[in-house]
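Asks: return a 3D structure for these sequence lines:
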Amino acid sequence: MKDQLGKFIEENREGFDTQSTPENSWQKIESSLPKISKQIFWNSIGFWRAAAVVLLGLSVYLFVAKNYSRPNKQEVASMQGFTDLESYYSLQIAEKMNLVSHYQSQTGLTEDEVTQNLKKLEAMYLVLKDELKRRPTQDVRDALVLNLLVRIDLINQQLNKFDKPVVLKNKNVQS
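Replies: Sure, this is the predicted structure:
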């Protein structure tokens, strides 16, 4: 089929070249085409692209500003209260651990399960402390305080174990 069209064009080349188009032919062609209305600015793709870029930039800014903002006065006061609480409980733990080590050295006992659990709790406390630096929320502070309270409770249980044989010996002596 291409060959027939090409052959036809070659045979009639002179006829194509000699004829000229009428002067108003383009206006007739243009008038027969459907009218294209001018696009409204709101419907243009460029407008929506620009709006998407602005929205994305604003979202990123708000996300960064929220995550890296300075703590407000209430958070600072809460952190100060937590620091006071932490120092009080840490002092209590240190004093009680000194008593435990004193009893262990007097009786010649080695580390038991309670002491090992205390070391595990201390390791968890350090992990929670790092989490508090990254994400200072009330839940993390509560977990830290709970860890301190559990450690104090375990130490008190250990001290009670040491005190019971002494009390029993004293009762036997008095009898």
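Asks: relative to residue 143, how far out is the residue nearest in space to the middle of the chain?
Replies: Centre of the chain computed as the mean C-alpha position; nearest residue by CA atoms, centre = their mean is residue 135, 8.4 Å away. Residue 135 is 12 Å from residue 143, where distance means CB to CB, to the nearest Å. In this view, the C-beta of every residue, glycine as well, is placed from N, C-alpha and C.
Asks: check residue 10 too.
Replies: When CB to CB is applied, the distance between residue 10 and residue 143 equals 91 Å.
Asks: looking at these two, which is more packed in?
Replies: Using other CB atoms under 10 Å as the criterion, residue 10 and residue 143 rank with residue 143 on top: 17 against 8.
Asks: list the contacts for that one?
Replies: residue 128 (CB atoms under 8 Å, 6 or more residues apart in numbering).
Asks: work out for me the element it sits within.
Replies: Secondary structure assignment for residue 143, by DSSP states H and E: helix 138-174.
Asks: so which bits of that helix are buried?
Replies: When neighbours are counted by 16 or more other CB atoms under 10 Å, the buried residues of helix 138-174 are found to be 140-141, 143-144, 147-148, 151, 154-155, 158, 162.
Asks: how far away from the center of its chain is it?
Replies: Helix 138-174 sits 37 Å away from the centroid of its parent chain (CA atoms, centre = their mean, to the nearest Å).
Asks: fine, thanks again, bye for now.
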